[in-house]
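1. I'd like to go over a predicted model; first the sequence, then the structure.
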Amino acid sequence: MIERDTVGSTADAIGSWVSRLLPDTSRAGGLAAALRRDVGQDLRPITADGCRRIEHVCHRYSRHLTLTFDEAGSFEPDRDRPAGWPPYDVSSIRRRAGGVASVSRHGEVGVLRVDSLEPWEHAGYYVRCGTGLLTGCRGVVLDNRRNGGGEMDTLAALAGFILGQESVFLATITSKNTVEQLRTPLLMDLEVRGGIPAAVVTSQRTYSSGEALAYVLQNRGIPVVGQRTPGAADHVVPVRVSPHVEALIPFAVVTDPATNGNWENVGVNPDVETDPGEELAAAITLVESAIRKRK
(Lines give C-alpha, C1' and ligand atoms only; values in the text may rest on other atoms or scores of the structure.)
Protein backbone atom coordinates (compact mmCIF):
# COMPACT_ATOMS: atom_id res chain seq x y z
CA MET A 1 0.00 0.00 0.00
CA ILE A 2 1.33 3.45 -0.94
CA GLU A 3 1.87 5.71 2.05
CA ARG A 4 -0.07 8.92 1.61
CA ASP A 5 1.36 12.38 1.65
CA THR A 6 -0.11 14.70 4.23
CA VAL A 7 -2.42 17.64 3.60
CA GLY A 8 0.50 19.94 4.41
CA SER A 9 3.01 18.27 2.09
CA THR A 10 0.44 18.21 -0.72
CA ALA A 11 -0.23 21.92 -0.23
CA ASP A 12 3.52 22.60 -0.25
CA ALA A 13 3.94 20.68 -3.52
CA ILE A 14 1.10 22.66 -5.12
CA GLY A 15 2.62 25.94 -3.96
CA SER A 16 5.97 24.93 -5.46
CA TRP A 17 4.41 24.06 -8.82
CA VAL A 18 2.47 27.33 -8.91
CA SER A 19 5.66 29.28 -8.17
CA ARG A 20 7.42 27.42 -11.00
CA LEU A 21 4.69 27.86 -13.61
CA LEU A 22 2.58 30.97 -12.99
CA PRO A 23 4.12 34.13 -14.54
CA ASP A 24 2.22 36.39 -12.11
CA THR A 25 4.88 36.12 -9.41
CA SER A 26 2.99 38.28 -6.92
CA ARG A 27 -0.11 36.10 -7.07
CA ALA A 28 1.97 32.90 -7.09
CA GLY A 29 3.85 34.01 -3.99
CA GLY A 30 0.63 34.97 -2.24
CA LEU A 31 -0.95 31.61 -3.01
CA ALA A 32 2.08 29.64 -1.79
CA ALA A 33 2.25 31.72 1.41
CA ALA A 34 -1.47 31.24 2.09
CA LEU A 35 -1.13 27.48 1.68
CA ARG A 36 1.77 27.38 4.14
CA ARG A 37 -0.10 29.52 6.63
CA ASP A 38 -3.55 27.89 6.44
CA VAL A 39 -2.88 24.18 5.81
CA GLY A 40 0.88 23.77 5.76
CA GLN A 41 1.02 22.31 9.27
CA ASP A 42 -1.77 19.77 8.70
CA LEU A 43 -0.10 16.37 9.18
CA ARG A 44 -3.20 14.29 8.49
CA PRO A 45 -3.06 11.97 5.45
CA ILE A 46 -4.44 13.58 2.32
CA THR A 47 -8.08 12.72 1.53
CA ALA A 48 -10.78 14.08 -0.74
CA ASP A 49 -11.85 16.35 2.11
CA GLY A 50 -8.26 17.56 2.51
CA CYS A 51 -8.19 18.37 -1.20
CA ARG A 52 -11.29 20.51 -0.80
CA ARG A 53 -9.60 22.40 2.05
CA ILE A 54 -6.58 23.10 -0.13
CA GLU A 55 -8.83 24.20 -3.01
CA HIS A 56 -10.62 26.62 -0.69
CA VAL A 57 -7.32 28.39 -0.03
CA CYS A 58 -6.22 28.26 -3.68
CA HIS A 59 -9.45 29.77 -4.98
CA ARG A 60 -8.65 33.09 -3.33
CA TYR A 61 -5.84 33.38 -5.89
CA SER A 62 -6.79 31.14 -8.84
CA ARG A 63 -10.36 29.90 -9.30
CA HIS A 64 -9.26 27.34 -11.87
CA LEU A 65 -6.94 25.48 -9.45
CA THR A 66 -8.82 22.28 -8.63
CA LEU A 67 -7.69 18.93 -7.23
CA THR A 68 -8.56 15.35 -8.12
CA PHE A 69 -8.09 12.71 -5.40
CA ASP A 70 -7.28 9.10 -6.23
CA GLU A 71 -7.88 6.75 -3.31
CA ALA A 72 -5.74 4.01 -4.87
CA GLY A 73 -2.69 6.24 -5.25
CA SER A 74 -2.20 5.28 -8.90
CA PHE A 75 -0.71 8.58 -10.11
CA GLU A 76 2.95 8.70 -11.12
CA PRO A 77 4.08 12.07 -9.73
CA ASP A 78 5.43 14.60 -12.23
CA ARG A 79 8.99 15.68 -11.56
CA ASP A 80 10.67 18.02 -14.04
CA ARG A 81 7.60 19.15 -15.96
CA PRO A 82 3.86 18.43 -16.16
CA ALA A 83 2.78 15.41 -18.17
CA GLY A 84 0.03 17.63 -19.61
CA TRP A 85 -3.41 16.93 -20.96
CA PRO A 86 -4.31 13.48 -22.30
CA PRO A 87 -4.97 13.04 -26.05
CA TYR A 88 -8.34 14.20 -27.34
CA ASP A 89 -11.09 11.62 -27.49
CA VAL A 90 -12.22 12.37 -31.04
CA SER A 91 -15.15 9.94 -30.95
CA SER A 92 -16.47 11.67 -27.83
CA ILE A 93 -16.13 15.09 -29.48
CA ARG A 94 -18.11 13.82 -32.45
CA ARG A 95 -20.83 12.40 -30.19
CA ARG A 96 -21.15 15.89 -28.68
CA ALA A 97 -21.32 17.44 -32.17
CA GLY A 98 -18.14 19.39 -31.51
CA GLY A 99 -19.76 21.21 -28.60
CA VAL A 100 -22.65 22.59 -30.69
CA ALA A 101 -25.64 21.53 -28.60
CA SER A 102 -28.48 23.06 -30.61
CA VAL A 103 -29.55 25.62 -33.21
CA SER A 104 -32.99 27.22 -33.13
CA ARG A 105 -34.90 30.11 -34.67
CA HIS A 106 -37.20 32.49 -32.84
CA GLY A 107 -38.74 34.68 -35.50
CA GLU A 108 -35.90 36.79 -36.88
CA VAL A 109 -33.50 35.76 -34.11
CA GLY A 110 -31.28 32.70 -34.37
CA VAL A 111 -29.89 30.96 -31.27
CA LEU A 112 -26.66 28.98 -31.34
CA ARG A 113 -26.05 26.99 -28.15
CA VAL A 114 -22.42 25.99 -27.57
CA ASP A 115 -21.64 23.83 -24.53
CA SER A 116 -17.89 23.36 -25.03
CA LEU A 117 -15.03 24.70 -27.13
CA GLU A 118 -13.53 21.61 -28.75
CA PRO A 119 -10.38 21.78 -30.92
CA TRP A 120 -11.22 23.50 -34.21
CA GLU A 121 -9.88 20.63 -36.30
CA HIS A 122 -12.65 18.46 -34.82
CA ALA A 123 -15.29 21.07 -34.01
CA GLY A 124 -15.08 23.19 -37.16
CA TYR A 125 -17.46 21.05 -39.22
CA TYR A 126 -20.17 21.22 -36.55
CA VAL A 127 -19.71 24.95 -35.94
CA ARG A 128 -19.95 25.61 -39.69
CA CYS A 129 -23.15 23.55 -39.87
CA GLY A 130 -24.62 25.35 -36.87
CA THR A 131 -23.82 28.83 -38.09
CA GLY A 132 -24.99 27.93 -41.60
CA LEU A 133 -28.44 27.11 -40.22
CA LEU A 134 -28.70 30.70 -39.04
CA THR A 135 -28.52 32.08 -42.57
CA GLY A 136 -31.18 34.75 -43.04
CA CYS A 137 -31.53 35.61 -39.35
CA ARG A 138 -31.45 39.32 -38.60
CA GLY A 139 -30.04 38.82 -35.11
CA VAL A 140 -28.09 36.16 -33.22
CA VAL A 141 -27.95 34.95 -29.62
CA LEU A 142 -24.97 32.86 -28.50
CA ASP A 143 -26.25 30.60 -25.71
CA ASN A 144 -23.16 30.16 -23.55
CA ARG A 145 -24.90 29.09 -20.34
CA ARG A 146 -23.44 25.57 -20.21
CA ASN A 147 -20.13 26.32 -21.90
CA GLY A 148 -17.47 24.76 -19.69
CA GLY A 149 -14.58 25.99 -21.83
CA GLY A 150 -11.94 24.40 -24.02
CA GLU A 151 -9.78 25.52 -26.90
CA MET A 152 -8.90 29.06 -27.87
CA ASP A 153 -8.92 28.51 -31.64
CA THR A 154 -12.63 27.66 -31.55
CA LEU A 155 -13.26 30.58 -29.19
CA ALA A 156 -11.61 32.90 -31.73
CA ALA A 157 -13.68 31.48 -34.61
CA LEU A 158 -16.94 31.97 -32.71
CA ALA A 159 -15.91 35.49 -31.72
CA GLY A 160 -15.21 36.19 -35.40
CA PHE A 161 -18.64 34.84 -36.32
CA ILE A 162 -20.29 37.32 -33.95
CA LEU A 163 -18.00 40.31 -34.58
CA GLY A 164 -17.74 39.85 -38.33
CA GLN A 165 -14.47 41.67 -38.84
CA GLU A 166 -11.42 40.48 -40.70
CA SER A 167 -9.18 40.24 -37.69
CA VAL A 168 -9.84 41.38 -34.13
CA PHE A 169 -7.18 41.33 -31.41
CA LEU A 170 -8.87 39.56 -28.50
CA ALA A 171 -6.23 38.81 -25.90
CA THR A 172 -2.61 38.23 -24.97
CA ILE A 173 -1.76 34.90 -23.33
CA THR A 174 1.41 35.12 -21.24
CA SER A 175 3.31 32.19 -19.75
CA LYS A 176 6.83 32.17 -18.31
CA ASN A 177 8.24 31.14 -21.70
CA THR A 178 5.89 32.60 -24.30
CA VAL A 179 3.64 35.53 -25.16
CA GLU A 180 0.91 34.78 -27.70
CA GLN A 181 -1.78 36.94 -29.27
CA LEU A 182 -5.30 35.61 -29.76
CA ARG A 183 -7.07 37.03 -32.82
CA THR A 184 -10.17 36.16 -34.76
CA PRO A 185 -9.14 34.17 -37.87
CA LEU A 186 -8.10 36.10 -40.96
CA LEU A 187 -9.72 33.53 -43.24
CA MET A 188 -13.04 32.38 -41.84
CA ASP A 189 -14.38 29.10 -43.16
CA LEU A 190 -17.83 29.89 -41.79
CA GLU A 191 -20.20 32.65 -42.78
CA VAL A 192 -19.58 35.78 -40.74
CA ARG A 193 -22.63 37.39 -39.14
CA GLY A 194 -21.01 40.53 -37.80
CA GLY A 195 -22.90 43.76 -38.12
CA ILE A 196 -26.27 42.39 -37.03
CA PRO A 197 -27.61 42.61 -33.46
CA ALA A 198 -26.24 39.95 -31.13
CA ALA A 199 -26.14 38.96 -27.46
CA VAL A 200 -24.36 36.37 -25.32
CA VAL A 201 -26.11 34.39 -22.57
CA THR A 202 -24.20 33.32 -19.44
CA SER A 203 -24.90 31.52 -16.17
CA GLN A 204 -22.97 30.32 -13.14
CA ARG A 205 -22.16 27.21 -15.22
CA THR A 206 -20.31 29.27 -17.85
CA TYR A 207 -16.69 28.51 -17.04
CA SER A 208 -13.07 29.00 -18.08
CA SER A 209 -12.79 29.66 -21.85
CA GLY A 210 -16.58 29.81 -21.93
CA GLU A 211 -16.21 32.88 -19.72
CA ALA A 212 -13.44 34.16 -22.00
CA LEU A 213 -15.77 34.04 -25.00
CA ALA A 214 -18.37 36.14 -23.18
CA TYR A 215 -15.71 38.52 -21.83
CA VAL A 216 -14.02 39.35 -25.13
CA LEU A 217 -17.37 39.83 -26.88
CA GLN A 218 -18.72 42.04 -24.11
CA ASN A 219 -15.64 44.25 -24.33
CA ARG A 220 -16.33 44.69 -28.06
CA GLY A 221 -19.90 45.86 -27.71
CA ILE A 222 -21.89 42.61 -27.52
CA PRO A 223 -24.23 42.65 -24.48
CA VAL A 224 -24.11 39.77 -21.98
CA VAL A 225 -27.39 38.55 -20.47
CA GLY A 226 -27.77 36.20 -17.50
CA GLN A 227 -25.76 35.68 -14.31
CA ARG A 228 -22.22 36.49 -13.22
CA THR A 229 -19.77 33.73 -14.12
CA PRO A 230 -17.41 31.99 -11.62
CA GLY A 231 -14.21 33.84 -12.58
CA ALA A 232 -11.71 31.20 -13.79
CA ALA A 233 -9.38 33.01 -16.18
CA ASP A 234 -5.97 31.33 -15.84
CA HIS A 235 -4.80 28.74 -18.34
CA VAL A 236 -4.07 25.51 -16.47
CA VAL A 237 -2.25 22.22 -16.96
CA PRO A 238 -2.72 18.93 -15.05
CA VAL A 239 0.13 18.14 -12.66
CA ARG A 240 0.33 14.94 -10.66
CA VAL A 241 1.69 16.36 -7.44
CA SER A 242 1.61 13.05 -5.52
CA PRO A 243 0.44 9.44 -6.04
CA HIS A 244 -2.98 10.48 -4.71
CA VAL A 245 -3.49 14.00 -6.08
CA GLU A 246 -3.61 15.62 -9.52
CA ALA A 247 -3.98 19.40 -9.61
CA LEU A 248 -4.83 21.86 -12.36
CA ILE A 249 -1.97 24.32 -12.00
CA PRO A 250 -2.17 27.81 -13.59
CA PHE A 251 0.62 28.43 -16.07
CA ALA A 252 -0.55 31.37 -18.21
CA VAL A 253 -2.41 34.64 -17.72
CA VAL A 254 -4.93 36.16 -20.16
CA THR A 255 -5.00 39.92 -20.77
CA ASP A 256 -7.69 41.58 -22.87
CA PRO A 257 -6.28 44.76 -24.50
CA ALA A 258 -9.67 46.42 -24.14
CA THR A 259 -9.46 46.27 -20.32
CA ASN A 260 -5.79 45.46 -19.69
CA GLY A 261 -7.14 42.76 -17.38
CA ASN A 262 -9.36 39.68 -17.25
CA TRP A 263 -12.19 38.08 -15.27
CA GLU A 264 -10.12 36.12 -12.72
CA ASN A 265 -11.97 35.85 -9.39
CA VAL A 266 -14.55 38.48 -10.40
CA GLY A 267 -16.33 36.71 -13.27
CA VAL A 268 -18.05 38.23 -16.28
CA ASN A 269 -20.67 40.66 -15.03
CA PRO A 270 -23.77 40.64 -17.28
CA ASP A 271 -25.07 43.84 -18.82
CA VAL A 272 -28.59 42.53 -18.21
CA GLU A 273 -28.87 40.37 -15.09
CA THR A 274 -31.70 37.83 -14.92
CA ASP A 275 -32.85 34.99 -12.71
CA PRO A 276 -31.81 31.47 -13.76
CA GLY A 277 -34.10 30.15 -16.48
CA GLU A 278 -34.98 33.61 -17.80
CA GLU A 279 -31.70 34.38 -19.59
CA LEU A 280 -32.50 33.14 -23.08
CA ALA A 281 -35.90 34.83 -23.31
CA ALA A 282 -34.38 38.10 -22.10
CA ALA A 283 -31.56 37.88 -24.65
CA ILE A 284 -33.97 37.19 -27.52
CA THR A 285 -36.10 40.16 -26.45
CA LEU A 286 -33.01 42.37 -26.33
CA VAL A 287 -31.92 41.37 -29.83
CA GLU A 288 -35.48 41.73 -31.21
CA SER A 289 -35.55 45.28 -29.83
CA ALA A 290 -32.24 46.06 -31.55
CA ILE A 291 -33.59 44.67 -34.84
CA ARG A 292 -36.70 46.88 -34.64
CA LYS A 293 -34.55 49.96 -34.08
CA ARG A 294 -32.73 49.26 -37.34
CA LYS A 295 -35.86 48.98 -39.45
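-> Okay, I see it.
2. which residues touch the helix or strand where Ile54 lies?
-> Using DSSP states H and E, Ile54 sits within helix 48-58. Contacts to helix 48-58, defined as CB atoms under 8 Å, 6 or more residues apart in numbering, come from residues 7, 10-11, 14, 31, 34-35, 38-39, 42, 44, 65-69, 71, 245. Any C-beta I mention is one placed from the backbone N, CA and C, and that applies to glycine too.
3. Show me which of those are buried.
-> 7, 10-11, 14, 31, 34-35, 39, 42, 65-67, 69, 245 (16 or more other CB atoms under 10 Å).
4. Strands of the stretch 51-200 of the chain, residue ranges please.
-> Taking DSSP state E, counting those that start in this stretch, the strands of the stretch 51-200 of the chain run over residues 67-69, 100-106, 109-114, 139-143, 169-175, 179-183, 198-202.
5. just checking, what packs against the third one?
-> I take that to be strand 109-114. strand 100-106, helix 120-132, strand 139-143, helix 279-294 (3 or more CB pairs under 8 Å, 6 or more residues apart in numbering; DSSP states H and E).
6. residue contacts, Ala32?
-> Ala32 touches 15-16, 18-19, counting by CB under 8 Å, 6+ apart.
7. Wasn't it part of a helix?
-> Yes - under DSSP: H, G, I helix; E, B strand; the rest coil, Ala32 falls within a helix.
8. Burial check on Asp78, number of neighbours?
-> 20 (other CB atoms under 10 Å).
9. phi, psi of it?
-> phi -80, psi 140 (degrees, to the nearest 10).
10. That one contacts Val239, correct?
-> Yes - with contacts counted by CB atoms under 8 Å, Asp78 reaches Val239, the gap being 5.3 Å.
11. Can you list the low-confidence ranges for the stretch 101-250 of the chain?
-> Within the stretch 101-250 of the chain, the stretches with pLDDT under 70 are 186-194.
12. which of the contacts of Ala32 lies closest to Ala281?
-> Of all the contacts of Ala32, Ala281 sits closest to Val18, with 41.7 Å by CB to CB.
13. so who does the closest one touch?
-> 28, 31-32, 62, 65, 249-250.
14. One more: Val266?
-> Val266 touches Gly231, counting by CB under 8 Å, 6+ apart.
15. try it again with 10 Å
-> Contacts for Val266 (CB atoms under 10 Å, 6 or more residues apart in numbering) come out as 63, 228-231, 233.
16. Closest one of the residues you listed to Gln165?
-> Taking CB to CB as the measure, Gln165 lies nearest Ala233 of those, at 23.8 Å.
17. Name the nearest residue to the closest one, sequence neighbours excluded.
-> Residue nearest to Ala233 in three dimensions, not counting chain neighbours: Glu264, with 3.8 Å by CB to CB, 6 or more residues apart in numbering.
18. Same check on Ser102?
-> Ser102 sits nearest to Arg113 (CB to CB, 6+ apart), 4.5 Å away.
19. The one you found contacts Leu142, doesn't it?
-> Yes - at 8.1 Å, Arg113 counts as touching Leu142 under the criterion of CB atoms under 10 Å.
20. So between these two, which is more surrounded?
-> Leu142 (26 against 20).
21. Could you find the closest non-adjacent residue to that one?
-> Closest to Leu142 by CB to CB, 6+ apart is Val200, at 4.8 Å.
22. so what's that neighbour up against?
-> So Val200 contacts 140-145, 147, 158, 162, 206, 213-218, 222-226, 268, 270-271, 279, 283 (CB under 10 Å, 6+ apart).
23. what do you get for Pro276?
-> 145, 203-205, 226-227.
24. Apply the buried test to the residues you listed and list what passes.
-> For those, buried by 16+ other CB under 10 Å: 145, 203, 205, 226-227.
25. show me what contacts Gly8?
-> Counting by CB under 10 Å, 6+ apart, Gly8 makes contact with 35-36, 39-44, 46, 50, 54.
26. Let me have the helices and strands packed on strand 109-114 in JSON lines, extended by distance to Ser167.
-> Below are the helices and strands packed on strand 109-114 laid out as JSON lines (distance: least, CB to CB, whole Å):
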{"stretch": "strand 100-106", "distance to Ser167": "24"}
{"stretch": "helix 120-132", "distance to Ser167": "16"}
{"stretch": "strand 139-143", "distance to Ser167": "20"}
{"stretch": "helix 279-294", "distance to Ser167": "25"}
